[in-house]
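Enquirer: Sequence first, then the predicted structure:
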Amino acid sequence: MRPGIALIGRLVCLLAGIWIASCGMSAQAATTERIVVNRFSGVAIEGFDPVAYFVDGAAVQGTAEFEANLWGAVWRFRNEGNRAEFLAHPEIYGPQFGGYDPADIARGVAIAANPRFYVISAQRLYLFSREANRDAFAADPERFLYEVGKRWPAIQDQLGQ
């Protein structure tokens, strides 16, 4: 093999390695957000309408027609009424812990929740990464919230960096 071709081959490998490493870093950055959002679109909780959990008792997909920007995220709603209600009371309708799974937070880690697994407890919305976490939380929310209360401030500080 000629020296020039070998050098080009090494350069291509080096650039590929840098590209792969930077892809890994951008995936890491997606987990440092205080609100769980799609890293490409900025849409929170996969576009589900946070008010619909309360009004309809179900996970309902919002639409781009009814969007609002709040807390550095794009929120979608199924209608204007839900959008207005969210903007009037985001602390009630927004998912607790930014959409991270409280069962995982209780264990000391921030895992993005799946908006299809949810519980409304004490008039607050909680989202979970797995059904098993949702079911465990629903059986004893006070126990989980006690543990979350001890761990969430430190986790939240890490997410803000």
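Expert: It's in.
Enquirer: C-alpha only now, for contacts and for neighbours.
Expert: Will do.
Enquirer: helices or strands next to the host helix or strand of residue 147 in the packing?
Expert: For residue 147, the element it lies in under DSSP states H and E is helix 141-159. On a contact count with 3 or more C-alpha pairs under 8 Å, 6 or more residues apart in numbering; DSSP states H and E, helix 141-159 meets helix 102-106.
Enquirer: could you pull out the helices for the protein?
Expert: In the chain, helices defined by DSSP state H lie at 3-30, 52-55, 80-88, 90-93, 102-106, 131-139, 141-159, listed in chain order.
Enquirer: circling back to that earlier point, what about the helix holding residue 147, distance to the chain center?
Expert: Centroid separation for helix 141-159 versus its chain: 16 Å, with C-alpha atoms, centre = their mean, to the nearest Å.
Enquirer: I'd like the numbering to begin with 49 instead of 1 from here.
Expert: Sure, I'll start counting at 49 from here, so that last one is helix 189-207.
Enquirer: And it, what's buried?
Expert: Residues of helix 189-207 classed as buried: 189, 192, 193, 195, 196, 199, 200, 203, 204, 207 (neighbour count, 16 or more other C-alpha atoms under 10 Å).
Enquirer: Let me have the residues you listed in CSV, extended by pLDDT and distance to residue 83.
Expert: Listed next are these as CSV, based on pLDDT from 0 to 100; distance: C-alpha to C-alpha, whole Å:
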residue, pLDDT, distance to residue 83
189, 97, 21
192, 96, 20
193, 97, 18
195, 96, 20
196, 97, 16
199, 96, 17
200, 95, 13
203, 94, 12
204, 91, 10
207, 87, 9
